[in-house]
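J.: The sequence isn't on hand, but the structure is:
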């Protein structure tokens, strides 16, 4: 499979953005659990690096979902603000170029060009 220079540019831009987001992201581990007889019991394995006595923050699963979406949106906005406007423009152009290149390839494949 041939990867075009445009596709490579898009991949590089996405990797750069991912590194910036990861570098500024607060790590949150979510574990599903149920309340049974007054105790919170996990329904899936706990991370191996969690030690006995580790303090945890527990949220109601129903109310936490709306908050998670809002927190995610704030986190994404903050991460995007770290990227210079010229990088946004370069990324948009690379995506546009990739779309045109893809359409041209399909037209050639179908014998339309």
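T.: Happy to help now that I have it. Everything quoted here is computed from the prediction, not taken from an experiment. Residues are numbered from 1 along each chain as shown.

J.: so how far is stretch 70-84 off the chain centroid?
T.: The chain centroid and the centroid of stretch 70-84 are separated by 11 Å, computed with C-alpha atoms, centre = their mean, to the nearest Å.

J.: List the buried residues for it?
T.: Applying a neighbour-count criterion of 16 or more other C-beta atoms under 10 Å, the buried positions in stretch 70-84 are 79, 83. (Glycine included, C-beta is placed from N, CA and C.)

J.: Give me the helices and strands touching the helix ranked longest in the chain, please.
T.: When the chain is parsed with DSSP state H, its longest helix is helix 85-109. Identification of packing neighbours for helix 85-109 by 3 or more C-beta pairs under 8 Å, 6 or more residues apart in numbering; DSSP states H and E yields helix 5-23.

J.: for the record, mean pLDDT for the helix it packs on?
T.: Across helix 5-23, pLDDT averages out at 66.

J.: State the distance from residue 110 to residue 54.
T.: 58 Å (C-beta to C-beta, to the nearest Å).

J.: How about residue 14?
T.: Taking C-beta to C-beta as the measure, residue 14 falls 34 Å from residue 54.

J.: list the buried ones in the longest helix of the chain?
T.: By neighbour count, with 16+ other C-beta under 10 Å as the criterion, the buried positions of helix 85-109 are 90, 91, 94, 97, 98.

J.: Pull the most distant pair out of these.
T.: Taking C-beta to C-beta as the measure, the buried residues of helix 85-109 span a maximum distance of 12.5 Å, between 90 and 98.

J.: Give me the below-cutoff pLDDT ranges for the chain.
T.: 1-10, 16-29, 62-67 (pLDDT under 70).

J.: 90 instead?
T.: 1-34, 44-51, 54-113 (pLDDT under 90).

J.: is it true that residue 50 lies in a helix?
T.: No. According to DSSP: H, G, I helix; E, B strand; the rest coil, the state of residue 50 is coil, so it is not within a helix.

J.: What number of residues are in the vicinity of it?
T.: The local packing of residue 50 (other C-beta atoms under 10 Å) involves 11 other residues.

J.: if I look at it, how far off is residue 108?
T.: 54 Å.

J.: likewise residue 102?
T.: Summarising the geometry, the distance separating residue 102 from residue 108, computed by C-beta to C-beta, is 11 Å.
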